[in-house]
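In: Requesting a structural model of the entry that follows:
(chains A and B)
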Protein chains: 2
Amino acid sequence: MRIQILSIGYELLIGRVVNTNASWLSAEATRRGHTVERIACVGDSESWIGSELDYSITSGAQIIITTGGLGPTFDDITAQAVAKALGRNLVLNEAAFTMVAKKYESLGLPLTPERRKMAELPEGSTPLENPVGTAPGFTLLHKGVRIVCLPGVPEEVKGMFLKHADTFLPQEGELFEQSVRVAGLPESTLAPLIAELVRKNPYVYIKSHPKGSEGESLIEVHVYTVSNNPRVRELCSSVAEKLRAEVVRIGGRVVD
Amino acid sequence: MRIQILSIGYELLIGRVVNTNASWLSAEATRRGHTVERIACVGDSESWIGSELDYSITSGAQIIITTGGLGPTFDDITAQAVAKALGRNLVLNEAAFTMVAKKYESLGLPLTPERRKMAELPEGSTPLENPVGTAPGFTLLHKGVRIVCLPGVPEEVKGMFLKHADTFLPQEGELFEQSVRVAGLPESTLAPLIAELVRKNPYVYIKSHPKGSEGESLIEVHVYTVSNNPRVRELCSSVAEKLRAEVVRIGGRVVD
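Out: Coordinates of the predicted model:
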C-alpha cells in the first residue's frame, strides 16, 4: 500500500520536538511491506491540515496516517480539521465516548467539555482504543483512502499502532536488508559501481550513507528489498555479494 | 519570513534515518525570528521533489530550504530536480566547479564525471561553499521565492547553514520563551485555562506537552513569542506568571 504520514503540531515546526513518530511509523510500515511515499508536518491549523489531506489524496495515497492533535487542549484540532476537509460532521462517537468516560471514571475525574471533546470524531469514524493514554485514535475510509489518526505522544503512537495495525496495515511483504560497510573509497568512486548495480537490478534498492569524509571515507551501503518472494531476497543477497567483490577489486575494503 | 523545509531521501521514508536536519533547521529559523510553516520529506524522485516545490511556492513559502541529494551518487538528484521543476537548465557552475576541483586536488583524486556532477546546478544559482564535506550547496531566487539547497549529512547541514545563513535568513526577531512545568493536574483540567490565556494574548503562543499520564500528570507548558519588541516579551513573561498563579489557584503545583 502507498502510505503518507502527516505529523501535526507546532512543536515540530519550531524544532522543539524531533519527529521520531514519523520515522518509527515509516520503519514499521516498511517492515510490513508497505511504501511510505511522503511525510509532511504542519501546525495545529485547520487549513494547513486540510490542504495536506487534499494533497495526499490527490497524489495517490492509499493510507494516510496522522499523528498529534487528539488531546483535550484548545489546539488539539485534528478530528475537527479532518471532518472539515472531508466534508463530514464532527459528532460525538458513542464508542469513543465510552472509552473516554471509562478512563475518567477510573481516575475519579468528572467529564468536562474538554474531556468530552476527545470523543467527538468525524461522522463514520471507528475509534481506536488508546492502550497508553486517554484520547482515542480513529480511522475512516474516504473515497477508498484509509485515514488513520493517532495521538502525538510517542508512547501512545507506538501502543496504539501495535494494537491496531493488523486491521489497517496488514503484513504485505517483508523488508530484507543487507549492509555493506566500505572503507578506503570516497563515495564518488563508489557511485558508478552502485549506479550499475541499480540499473541491472530494478527490484533491489541500494543507498549509500557516507559516515566519514571524502578523504577518510567510511560508507555504509544499504542494500534492501521489500518482498516475500524468496528469489527476490536471494537476488538482494547476491547484489550485496557482488558489491563486496567489486569494492575489493577496485582497492577498497569491506569492514564489519 | 515564511519558510518551508523539504527533506529529500528514501532513507527518511523507510525510517532508517530520523529527520534531525528538519528539527535543527526549524529551531535555528525560529531563533532567528522566522516562521517554519511546513516540513515535507520525499524520496530521491524528480517528480515528487517537483510537486513539493510547486506546493510550497503555491502555499506562500518565501524561503524553501531543501536538504539532501547533492552528493555524487546516482540517486543524488536534487539539483536536477530543482532545475526541472523551475524550468531552468542544469549547467556546470564555474564557482561550484572551482570548489569541487580544489577539494579533489587536495585529496589527490581525479575529477570523474560523478565528482564533476556536484558542480552542475540550476542556471542562475549561487553555490554555497561546504565547510565540512565536498558537495557545494546552492541558492537561487525564483519568482521572488528564495530556494536554498543544503546537503543531507547533518554535520554538513549545520556547517553550511551557520556559514551562510546570514545572507539568506537574517535575524528578524528573537525567540523569547518561558517554560511552566505543572504537576498534579491532568492536561484536560489545564486546557480551558490555557485556552483563555491564548484568547486574550494573540501575540503569545502557548503549547502544553504532557510528560506523564492523565492520572499522574506532569505537563510542560511552553509559553513563547518571536519578537524584538520588549513589550511583547514582557507580555510573554506576564502570561507565564499568570499561568503559574492560576495553576496554584486550581490546586496544581508548579515544579522546576
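
In: Any regions of chain A where pLDDT drops low?
Out: Low-confidence segments of chain A (pLDDT under 70): A:213-215.

In: all helices of it, in order?
Out: Using DSSP state H, the helices found in chain A span residues A:10-13, A:20-31, A:46-58, A:78-86, A:94-107, A:113-117, A:154-168, A:187-200, A:230-249.

In: To chain B, which of those lies closest?
Out: Of all the helices of chain A, helix A:20-31 sits nearest to chain B, with 2.7 Å by C-beta to the nearest C-beta. Heads up, the C-betas are built off the backbone N, CA and C, glycines and all.

In: what's the angle between that closest one and helix A:154-168?
Out: Going by axes from the mean of the first three to the mean of the last three C-alpha atoms, to 10 degrees, helix A:20-31 is angled at 30 degrees with respect to helix A:154-168.

In: mind checking how far helix A:20-31 is from the chain centre?
Out: The chain centre lies 4 Å from the centre of helix A:20-31; the measure is C-alpha atoms, centre = their mean, to the nearest Å.

In: For that helix, name the packing helices and strands.
Out: strand A:2-8, strand A:35-42, strand A:63-67, helix A:154-168, helix B:10-13 (3 or more C-beta pairs under 8 Å, 6 or more residues apart in numbering or on different chains; DSSP states H and E).

In: Contacts for that helix next, please.
Out: A:3, A:5, A:7, A:35-36, A:39, A:41, A:65, A:67-68, A:150, A:152, A:154, A:157-158, A:161, A:165, A:169, A:174-175, A:226, B:12-19, B:41 (C-beta atoms under 8 Å, 6 or more residues apart in numbering or on different chains).

In: same thing but 6 Å
Out: A:3, A:5, A:7, A:36, A:39, A:65, A:67, A:154, A:157, A:175, B:13-15, B:18 (C-beta atoms under 6 Å, 6 or more residues apart in numbering or on different chains).

In: So how do I select the buried members of the residues you listed in ChimeraX?
Out: A single ChimeraX command is used to select the members of the contacts of helix A:20-31 judged buried by 16 or more other C-beta atoms under 10 Å in any protein chain shown:
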select /A:3,5,7,36,39,65,67,157,175 /B:13,14,15,18
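
In: ok, so of the contacts of helix A:20-31, who is nearest residue A:204?
Out: Using C-beta to C-beta, residue A:175 is the member of those that lies nearest residue A:204, at 12.2 Å.

In: Please identify the deepest-packed of the helices of chain A.
Out: Counting by mean count of other C-beta atoms under 10 Å in any protein chain shown, helix A:10-13 has the highest mean neighbour count of these, with a mean of 25.

In: Export only the CA atoms of it, formatted as PDB.
Out: Taking Å, rounded to 0.1, in the frame of the first residue of the first chain, the C-alpha atoms of helix A:10-13 are listed here in PDB:
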ATOM      1  CA  TYR A  10       3.600  23.500  16.100                       C
ATOM      2  CA  GLU A  11       6.200  22.000  18.400                       C
ATOM      3  CA  LEU A  12       7.600  20.200  15.300                       C
ATOM      4  CA  LEU A  13       7.800  23.400  13.300                       C
END
